[in-house]
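*Asks:* Below is the structure, and that's it, no one-letter string:
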Ligand code: NAD
């Protein structure tokens, strides 16, 4: 990639001022295939000031113009979809079929949905209580620092970039240093779409460098962060001294409650959902709770399904799962599988080590633990790999209690054909989202969690509102206006 070592600042590709080189590793082969630069405080400062200088013109610009530029971006994104699919696949290991059909599509859907919702967005709300003399103005919050992870790179980036720009903010994006190529490609697309200089800036770097510099920068008005709960807490602390808004989308440990009256496909669907993207999804159903009368049957199904899940390299088409993203994640997952075994969880499928025949690449065996108890580490910690934990329950109250016994609260899942029970349980679960019977939310629904899964909402009108500040002006109407 031509500009892999450069940053996109003020509408130009620029060499880093205080950058150091870092390899991008292909997780299927463990081989470096590209070199990027990790920036520092001076690069971050240049990008932030470019965004600051561009803000007055961009925030005051005709809203229709901003939408037309996002439409131009959508056209480039669609035209270069295959480049994006290949970049994502190579940098983070998603098989190319998944990359084309889900990773790239997620970015497109968020861009389309932002354009649709932002087109008719009302920025001025006169109060009906005094005939409009009090006016509520929704204004862009300002310069936004956007920090994103590697697992669904374009999904995460587009959920921030598109609404921020649509609402009149200017941005500095810091993609994950593990998966930086998709972000660089998006910067090329934004450049081609013709956005004014400084509206979108990109600086690559790690958390300790560019991430920390962005978070504490006095000219950054907001940090929108997606990543681990540990980093989310560090960012909140670092942002406190400059009192900026911090929107957090963090980890998860979703429970999938399978009642005895669930549809026959519920278990298989749950296993496949857990293993999708090699288990690297914050909203994955990683704890399966099964009503005792169907527990043994569920174990058999889960084992059979896990044994049919194949692993393979990211450049091969097909429905296999790829490697996990990095050596660090591989080691962490192996450590947690070993701990699960040590602590007495029963291995139903998979286990420690690489899948048979795969000696190279960060491949993990699709693993199912049965009879997992709530004190076990694998039940409590986010593993972020293809590992499912299963346990039985006896009553609805116990299922709710088990599901809620976590520091996280992102997505929980319910499988039942009894709609009254479904609604009762959905209300009792402590999470930002509840998915039932395999039916996903309509596109444009807000996504986000509670507790240590974060405090932000992305997508939908809520996702636009995150990038706005409310200003109240009284006496908006003059005597002549009032008549
Ligand atoms: P991570 O927290 O290690 O890194 C995420 C991003 O934050 C990277 O760009 C990294 O460089 C940066 N960063 C790390 N420490 C920082 C610091 N102290 N200051 C500023 N920036 C910092 O997470 P990851 O390993 O890239 O991603 C996996 C995690 O992301 C999982 O926990 C997953 O659940 C979570 N996630 C959450 C959502 C969601 O919407 N809730 C979506 C995807 C991933």
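*Replies:* Yes, it's here. These figures come from a predicted structure and were not determined experimentally.
*Asks:* Up against the ligand, what does the stretch 1-150 of the chain have?
*Replies:* Counting by C-beta under 6 Å from any ligand atom, the residues of the stretch 1-150 of the chain lying close to the ligand are 147, 148, 149, 150. Backbone N, C-alpha and C define where each C-beta goes, glycine included.
*Asks:* rerun at 5 Å
*Replies:* With C-beta under 5 Å from any ligand atom as the criterion, the stretch 1-150 of the chain meets the ligand at residues 147, 149, 150.
*Asks:* Which of these fall in helices?
*Replies:* The helices, defined by DSSP state H, take in nothing from these.
*Asks:* Listing request: residues of the stretch 51-200 of the chain with sub-threshold pLDDT.
*Replies:* Residues of the stretch 51-200 of the chain meeting the criterion pLDDT under 70: none.
*Asks:* all helices of it, in order?
*Replies:* 63-79, 81-92, 96-98, 104-119, 153-166, 181-193 (DSSP state H, counting those that start in this stretch).
*Asks:* Then the stretch 201-350 of the chain?
*Replies:* Using DSSP H, counting those that start in this stretch, helices in the stretch 201-350 of the chain cover 212-216, 229-240, 266-275, 295-308, 327-342.
*Asks:* any idea how the chain splits into domains?
*Replies:* Listed by automatic domain parsing, the domain ranges of the chain are 7-250+449-473, 255-436.
*Asks:* tell me the average confidence for the last one?
*Replies:* Read it as domain 255-436. Here domain 255-436 scores 98 as its mean pLDDT.
*Asks:* How far does that domain stretch from one end to the other?
*Replies:* In domain 255-436, first residue to last residue: 12 Å (C-alpha to C-alpha, to the nearest Å).
*Asks:* so who does the residue nearest to the spatial centre of the chain touch?
*Replies:* The centroid of the chain falls nearest to residue 156 when counting by C-alpha atoms, centre = their mean (4.2 Å). By C-beta atoms under 8 Å, 6 or more residues apart in numbering, the residues touching residue 156 are 148, 149, 226, 249.
*Asks:* you'd agree residue 456 is in a strand?
*Replies:* No - looking at residue 456 with DSSP: H, G, I helix; E, B strand; the rest coil, it is coil, so not inside a strand.
*Asks:* what residues are up against it?
*Replies:* Residues in contact with residue 456 (C-beta under 8 Å, 6+ apart) are 224, 247, 248, 249, 448, 466.
*Asks:* Go again with 10 Å.
*Replies:* Counting by C-beta atoms under 10 Å, 6 or more residues apart in numbering, residue 456 makes contact with 159-160, 224-226, 232, 245-250, 432, 446-449, 462-463, 466.
*Asks:* Could you check which helix or strand contains residue 43?
*Replies:* Following DSSP states H and E, one finds residue 43 within helix 41-60.
*Asks:* Check which helices and strands that helix sits against.
*Replies:* The contact analysis (3 or more C-beta pairs under 10 Å, 6 or more residues apart in numbering; DSSP states H and E) places helix 41-60 against strand 7-9, strand 12-14, helix 63-79, strand 135-140, strand 143-147, strand 170-174, strand 200-202, helix 212-216.
*Asks:* And the fifth one, how far out from the chain middle?
*Replies:* In terms of C-alpha atoms, centre = their mean, to the nearest Å, the centre of strand 143-147 is set 15 Å apart from its chain centre.
*Asks:* Kindly report the same for the third one.
*Replies:* For helix 63-79, the separation from the chain centroid amounts to 22 Å (computed by C-alpha atoms, centre = their mean).
*Asks:* quick one: the nearest residue to residue 115 once chain neighbours are set aside and the ligand, what's the gap?
*Replies:* Closest residue in space to residue 115, ignoring its immediate chain neighbours: residue 70 at 5.2 Å, by C-beta to C-beta, 6 or more residues apart in numbering. In this view, residue 70 and the ligand are 21 Å apart by C-beta to the nearest ligand atom, to the nearest Å.
*Asks:* Please apply the same query to residue 114.
*Replies:* 16 Å.
*Asks:* need the contact list for the closest residue to that residue other than its chain neighbours.
*Replies:* The shortest distance from residue 114 to any non-neighbouring residue, by C-beta to C-beta, 6+ apart, is to residue 162 (3.9 Å). Residues near residue 162 by C-beta under 10 Å, 6+ apart: 70, 73-74, 107, 110-115, 117-118, 459, 463-464.
*Asks:* ok, 8 Å please
*Replies:* Residue 162 touches 70, 110, 111, 114, 115, counting by C-beta under 8 Å, 6+ apart.
*Asks:* swap in residue 44?
*Replies:* Going by C-beta under 8 Å, 6+ apart, residue 44 touches 172, 203, 205, 209, 210, 213, 214, 217.
*Asks:* Could you count how many residues lie near the closest residue to it other than its chain neighbours?
*Replies:* In this structure, residue 44 finds its nearest non-sequential neighbour in residue 213, 3.9 Å apart by C-beta to C-beta, 6+ apart. Using other C-beta atoms under 10 Å, the number of residues around residue 213 comes to 25.
*Asks:* go on, residue 461?
*Replies:* 13.
*Asks:* Could you confirm it falls within a helix?
*Replies:* Yes - assigned with three-state DSSP, residue 461 falls within a helix.
*Asks:* Can you tell me which of the contacts of residue 456 are buried?
*Replies:* Buried members of the contacts of residue 456, scored by 16 or more other C-beta atoms under 10 Å, are 159-160, 224-226, 232, 245-250, 432, 446-449, 463, 466.
*Asks:* Out of those, list just those in strands.
*Replies:* Residues of these located in strands (DSSP state E): 224, 225, 226, 245, 246, 247, 248, 249.
*Asks:* So the second one sits against residue 251, correct?
*Replies:* Just to be clear, that refers to residue 225. No - assessed by C-beta atoms under 8 Å, residue 225 is found out of contact with residue 251, at 12.0 Å.
*Asks:* Run through the residues that contact residue 166.
*Replies:* Neighbours of residue 166 in contact, by C-beta under 8 Å, 6+ apart: 66, 67, 70, 114, 115, 118, 121, 464.
*Asks:* brain fart, residue 452
*Replies:* If you count contacts by C-beta under 8 Å, 6+ apart, residue 452 has them with 229, 232, 250, 251, 407, 408, 409.
*Asks:* Quickly note the distance from it to the ligand.
*Replies:* 10 Å.
*Asks:* mind checking the backbone torsions on that residue?
*Replies:* Dihedral pair for residue 452: phi -80, psi 10, per degrees, to the nearest 10.
*Asks:* And residue 254, by the same measure?
*Replies:* phi -60, psi 140.
*Asks:* Contact partners for it?
*Replies:* Residue 254 makes contact with 283, 284, 285, 286, 287, 408, 410, 411, 412, 413, 431, according to C-beta under 8 Å, 6+ apart.
*Asks:* cool, residue 402 as well?
*Replies:* Per C-beta under 8 Å, 6+ apart, neighbours of residue 402: 255, 287, 289, 374, 391, 393.
*Asks:* in which helix or strand would I find residue 407?
*Replies:* Here residue 407 is assigned to no helix or strand, by DSSP H and E.
*Asks:* number of nearby residues for it?
*Replies:* Neighbours of residue 407 (other C-beta under 10 Å): 14.
*Asks:* And the pLDDT at the nearest residue to it once chain neighbours are set aside?
*Replies:* Once flanking residues are discounted, residue 407 sits nearest to residue 452: 4.4 Å by C-beta to C-beta, 6+ apart. At residue 452, the model reports a pLDDT of 97.
*Asks:* Which one (most neighbours) among the contacts of residue 166?
*Replies:* Within the contacts of residue 166, neighbour counts (other C-beta under 10 Å) peak at residue 114, which reaches 27 neighbours.
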